[in-house]
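Undergrad: Here is a sequence with its predicted model. Questions after.
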Amino acid sequence: EPVKVGFAAEPYPPFTSPDASGNWEGWEVEFQKAVCAEAKLDCVITPVAWDGIIPALTSKKIDIIIGSMSITEERLKTIDFSDKYYNTPTGVIGAKGETFEATPEGLKGKTIGVQVSTVHQDYANKYFGENGATVKEYQTQDEANNDLAAGRIDAVQADAIALDAFLKSDQGQDCCDMKGNVKDDPAILGAGVGIGLRKGEGELKGKLNAAIKAIRENGTYNTFSKKYFDFDIYGG
Amino acid sequence: MTKPAQAIAVTNLHKRFGPLEVLKGVSLTAHEGDVIAIIGGSGSGKSTFLRCINMLELPTSGSVTIHGETIAMKKDGHGGLMPSDRKQVQRLRTQLGMVFQSFNLWQHMTILQNVIEVPVHVLGKSKDEAIETAEALLRRVGLFEKRDAYPAFLSGGQQQRAAIARALAIQPLVMLFDEPTSALDPQLVGEVLTVIGDLAREKRTMILVTHEMKFARNVANHIVFLADGVIEEQGSPDEIFGNPRSERLKKFISSIH
Amino acid sequence: MTKPAQAIAVTNLHKRFGPLEVLKGVSLTAHEGDVIAIIGGSGSGKSTFLRCINMLELPTSGSVTIHGETIAMKKDGHGGLMPSDRKQVQRLRTQLGMVFQSFNLWQHMTILQNVIEVPVHVLGKSKDEAIETAEALLRRVGLFEKRDAYPAFLSGGQQQRAAIARALAIQPLVMLFDEPTSALDPQLVGEVLTVIGDLAREKRTMILVTHEMKFARNVANHIVFLADGVIEEQGSPDEIFGNPRSERLKKFISSIH
Amino acid sequence: MAVDSFINWGLLALEPPGWGGVLLRGLLNSIQIAIGGYAFGLALGVCGAFGKLYGGPILRDLMECYTTIVRAVPELVLILLLYYAGTDALNHVLNLVGIGTVDISGLAAGIFVIGVVQGAYSTEVLRGAIKAVPAGQIEAARAYGMSPFKVMTRVTLPAMLPYAIPGLSNLWLIATKDTALLAVVGFSELTLVTRQAAGATKAYVLFFCAAGALYLALTLVSNVFIKIIERHSRRGFVEQA
Amino acid sequence: MTDATPPDVTTHAMAILPEDLPTAGSFFKPHRIVLLLIAAALVFCVVWFMRWDWLPQYLPRLGHGIVVTLAMLFSTSILGFLLAVPLGLVQVTGPWPLKTLASGFCTIIRGTPLLLQLWLLYYGLGSLFPQFPAIRHSFLWPYLRESWPYGVAALTISFAAYEGEVMRGAFAGVPSGELEAARAYGMSRWTLFRRIWLPRAIHRALPTLNGETVLQLKATPLVATITVIDVYAVISKVRQDTYITYEPLLLLALIYMCLTGILVVAFRHLENRIPTRGA
Ligand SMILES: Nc1ncnc2c1ncn2[C@@H]1O[C@H](COP(=O)(O)OP(=O)(O)OP(=O)(O)O)[C@@H](O)[C@H]1O
Ligand SMILES: Nc1ncnc2c1ncn2[C@@H]1O[C@H](COP(=O)(O)OP(=O)(O)OP(=O)(O)O)[C@@H](O)[C@H]1O
Ligand SMILES: [Mg+2]
Ligand SMILES: [Mg+2]
């Protein structure tokens, strides 16, 4: 019985991105392979639209989500999560030459882009949107980055690592730089990223938790993480 | 002289379209070899009568017997009748070769395909046999050269002759003609009448609705004058045309000439 | 008796469609008050002649003079002529009220709108004035009640009468009729002919192409018989119908009766 | 920089690192879905058209609801609804009858979704075409004793083809283009892979134009076949000017 | 003398038209009552058993979304139609270079998916603009920064292409006699076009125009994929905020059905103003 692993069918480097031969690669792909191998699951990757990833899960088009999905209260109402497998700070980037801080005051009057239905959307709405900034929602992170580069928006809030990868790209280097990390709010930003799964699948959840623990302990996790990051992505 | 067998017997046929009673009790018997011409004014119910014989219209009451077999009918719950055995109707219809005023050839088939369609797909004949018969029939109506043409490319007269060949191909007991020439312009009428006249000479049983009085007189052995849903008068051509009795028929005949 | 002014003068008109020379030099003069009927067999070029007068067809050679003003033409480089001054043609056309065989009413306008269209949008009259004239005209042709109906809802005869009112509304010097009754069934012909007859009695200048010989004889003061692209014979109705000289005209007249 | 990549034809190479191969696979997916969905839709359409014309009053009303809803609601919304709810409902039903859930592949779901939408459209096209068949042709078939099924297969269906083909060929072109809407449910057909390629390389104009050219080529090639089919089906018809 | 051109078969198959509306008289039949009861029960189940608690909170945004959708529909239909008239006209009478250009334009637009055209304009063209400082500093930039101009442009172009084909047929189909009559009474070319040819062509094309406008309404949700907040985008947001899958989509379908219904009823009124006789 293969397990269908869902994630967003869009470039989200360095976690998931397609290459020209149609394969998906990135840190999260390697993580998924390691977990499945450890838990002895026969995993098939299934790209789906981010917008419909939770319906896809509940309607059994996919069985688990390994797609940088943060564990939040709101999501826990609908689906279940494994233990976290990474946690990173949230950053804000903006056009080079512009100087502002990643604070409600700094972003006042600016247009800030976030990916829709992410924790960043909720955070930006609460901290920036209610303090005089315009929050613009994008279906994919890539679109938000792109509109920043095109000058259509002033800032983008997202996962610091993903933003970092963008800043290292040709396009990112030319246009933008990091304005800093936002103040943490675990109630919104969540307790890290976990594997999403349907409620009531306790057995699978147990297997996944055990596997995450095991690869953390046997060093596999660190081995492939080193290829992508020069710091500990698992977080505190 | 022994009377030939009954081919068709219609008894006390009534047909009503909503409030309009078109046929008010019509009875008619055709024996084998009879050529019966039905005449009458427009709207007198001639077509309706013919269409009731092969159940294209369902009669309100009355019965139709074909070759001794009466079509079984049952009440349809709306004050009319409907066939109780669809299979029987389908079978009996293959004994009635209807030729329509507007030909109604199947446009997506060639003439030959039109003619072999029913023998092959309804009567279950082999295709070769059907083609052989069909070609003989087409030769007879003078359309052998046109057998691979599509109907739309034929003149009206040619189409009507093809329709006659199609009806003959099912080797019907009776041929029913509903004004087979009235959709044709005068030039083309002749060719169709010639073919029908030939059939009459062969003693093929036929019932024809026609407005061509001269032709009816020459070809039919019995004329039925329908008026207002009843048979107003019937008899031999000489009686009907030479010595009409009812006022209506007199008026009708004088209006034709 | 002084001769009335020239309304239309056509001189030596030739018209060629590709290899076919339809008009081979036709000259005709209409004075004010003349009613000229053009008769002739089918394909003899009657319609083409009429259409050349108002430049709906461009003549190959020859000239057209309307009320003393000759339409200026220039070579079109393909062996024919074309108007050198489009404005002039547009202006002169408003002096010719053409009535077409197939009415050609504008289907998206009511009858009244059809009639006031040209006065308002070409001749620049005020709308109120145009409506007043139009209603008088419609009353005259017996269509006042129908003024707000769309053409598709009128009978053919009514449509043709509306078309005549439309042509009259531009107060043309000459009315041109191209078989104004031949698209109508016999019942409807009468009403249109009555209207045209009335116009003739008022001494309105008219050129009409018609197949209604009886009507032409009663209404026209001059008949032109066109055959094979030339005027084979012309004269008063009595001469033409009572005493035809050319063989062709004799044959034509006998074939009509 | 984007101006450079805009003319970087190497990105379209068939072999990686060029993305041409990915695009072609996406096109293949699109074509598969279009063919499958179209065929499924046609089957639905034949049933729908006959149901609407000859069915009982209840069947007729149900068909009417089906075609009305599909014709009133945007394809994009239908695709979302059917994609998520349709497969869900199917599994529920299967569960109820005790077969257990089936694994519905993206391809099957895509075909299903496009098929349901196309089904409503072709119902209408076919219904119009059947109504255009002269009544006399069907009457003649009945008069010679054909059974209703024979009348349908031997006369009604073939005779309506010439009336249906123009509409059906348009529906085919629509089916090929509607596959693009599956991009919003993450199905990797041509439009989605194009967006991925464009996103990964930032050569938006190049890739969108390339995909446009592929779609256009598909349309033009289809048109050639449609012309041939049309000519064949119109044999027996006098050309109208 | 029937002149009512039936709408293009495909348009009719894809869009509800005024003639599809039931009349009150013909609607009520015995079995319909049973069907209506079943439908009512179904609606009751949907309302009762599904989650609708999110609705009040989003109502204002939904209203705004509907306004955006309608604004998109009307602006692009009108602009598109204004483009379609010359597109249709040059295909009927234009010199051959214009004719080829116009028919090429129609073929290309009709041959490619609208979604792709939209993305090409927004992500493709839109991402090229900022690289030219001249554009970036022009008065246009505040608009070019937004996403709705790209949505309007794409929908307008697409409508123009489809409608251009329709108008081509309509222009060509105006009986030549009516044009000839106009010429015979001395109308100039411009008057003839303005007073006879164009209104007559529109009159003929009206049923198809109706259908195409309904199709245009059905195309508007695509603009949500380029961040225009229309009613579809609002519903997407509801889904993403609440993780409720079906209820918002059902509501969305209902909203579009109502919008289509209103549009169709409006068209019925419009059509009845100029009566046409016949089939
Ligand atoms: N399907 C129908 N529904 C309602 N009335 C009908 C129907 N078919 C025929 N009628 C009416 O029945 C009457 C008789 O029609 P029928 O066609 O039998 O006349 P007919 O004698 O064949 O006339 P014709 O010589 O003009 O063909 C006519 O008044 C006609 O209007
Ligand atoms: N536009 C055209 N192109 C080519 N040939 C034409 C054209 N218009 C008319 N003709 C030909 O010119 C000849 C004269 O036509 P015209 O319509 O003037 O005849 P007519 O006398 O009006 O005949 P009818 O009484 O049948 O109306 C005919 O042979 C016709 O075929
Ligand atoms: Mg009859
Ligand atoms: Mg003529």
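TA: Right, received. Where do you want to start? Treat the numbers as computed from the prediction; the structure is a model and nothing was measured. Ligands and ions are numbered 1, 2, ... in the order given.
Undergrad: didn't residue A:4 look like it was pressed against residue A:48?
TA: No. Counting by CB atoms under 8 Å, residue A:48 is not a contact partner of residue A:4; they are 9.4 Å apart. Yep, even glycine has a C-beta here, placed from its N, CA and C like the rest.
Undergrad: Distance check, the nearest residue to residue D:114 once chain neighbours are set aside against residue D:186.
TA: Spatially, and ignoring its direct neighbours in sequence, residue D:114 is nearest to residue D:37 (2.8 Å; CB to CB, 6 or more residues apart in numbering or on different chains). Using CB to CB, to the nearest Å, we find residue D:37 at a distance of 17 Å from residue D:186.
Undergrad: swap in residue A:156?
TA: Applying CB to CB, the value for residue A:156 to residue D:186 is 22 Å.
Undergrad: okay, the two: which has more neighbours?
TA: Neighbours around residue A:156 and residue D:186, counted as other CB atoms under 10 Å in any protein chain shown, are more numerous at residue A:156. The numbers are 30 against 24.
Undergrad: got a list of what that one touches?
TA: Contacts for residue A:156 were tallied using CB atoms under 8 Å, 6 or more residues apart in numbering or on different chains; they are A:92-94, A:112-114, A:144-145, A:148, A:163.
Undergrad: Look at it and give its secondary structure.
TA: Three-state call for residue A:156 (DSSP: H, G, I helix; E, B strand; the rest coil): strand.
Undergrad: hey, what's it bridged with?
TA: For residue A:156, the beta-bridge partners are residue A:93, residue A:113 (DSSP bridges).
Undergrad: Let me know the pLDDT of it.
TA: Per-residue pLDDT puts residue A:156 at 93.
Undergrad: do stretch E:200-207 and chain D meet?
TA: No. Between stretch E:200-207 and chain D, judged by CB under 8 Å from any CB of the partner chain, nothing touches; the nearest distance is 13.6 Å.
Undergrad: Just checking the one helix or strand residue A:53 maps to against chain D, any contact.
TA: Per DSSP states H and E: residue A:53 is located in helix A:53-58. Yes. Helix A:53-58 is in contact with chain D by CB under 8 Å from any CB, via A:55-56, A:58.
Undergrad: so after that helix, what's the next helix or strand?
TA: Where DSSP H and E defines the elements, the next helix or strand beyond helix A:53-58 is strand A:64-65.
Undergrad: other SSEs contacting that next one?
TA: Helices and strands touching strand A:64-65, by 3 or more CB pairs under 8 Å, 6 or more residues apart in numbering or on different chains; DSSP states H and E, are strand A:3-8, helix A:53-58, strand A:193-197.
Undergrad: right, and the helix or strand after it?
TA: Counting by DSSP H and E, the element after strand A:64-65 in chain order, helix or strand, is helix A:73-78.
Undergrad: Buried residues of that following helix, list them for me.
TA: For helix A:73-78, a neighbour-count test (16 or more other CB atoms under 10 Å in any protein chain shown) marks A:75, A:78 as buried.
Undergrad: partners of the next helix or strand along the chain from that helix in the sheet?
TA: Sequence order places strand A:80-86 as the next helix or strand after helix A:73-78, per DSSP H and E. Using DSSP bridges, strand A:80-86 pairs in its sheet with strand A:193-197 (antiparallel).
Undergrad: Would you mind pulling the contact partners of the strand it pairs with?
TA: A:35, A:53-54, A:57, A:63-71, A:75, A:79-87, A:204-205, A:208, A:212.
Undergrad: Count the residues that sit near the residue lying closest to residue A:19 once chain neighbours are set aside.
TA: The shortest distance from residue A:19 to any residue other than its chain neighbours is 5.8 Å, reached at residue A:25 (CB to CB, 6+ apart). When neighbours are defined as other CB under 10 Å, residue A:25 has 15 of them.
Undergrad: pLDDT at residue A:25, what is it?
TA: Confidence score, pLDDT, at residue A:25: 88.
Undergrad: dump the residue contacts of it.
TA: By CB under 8 Å, 6+ apart, the neighbours of residue A:25 are A:16-19.
Undergrad: how about the helix or strand hosting residue B:223, does it get close to ligand 1?
TA: For residue B:223, the element it lies in under DSSP H and E is strand B:222-227. No. Strand B:222-227 stays clear of ligand 1 (CB under 6 Å from any ligand atom), getting no nearer than 6.8 Å.
Undergrad: Nice, that's everything, thank you.
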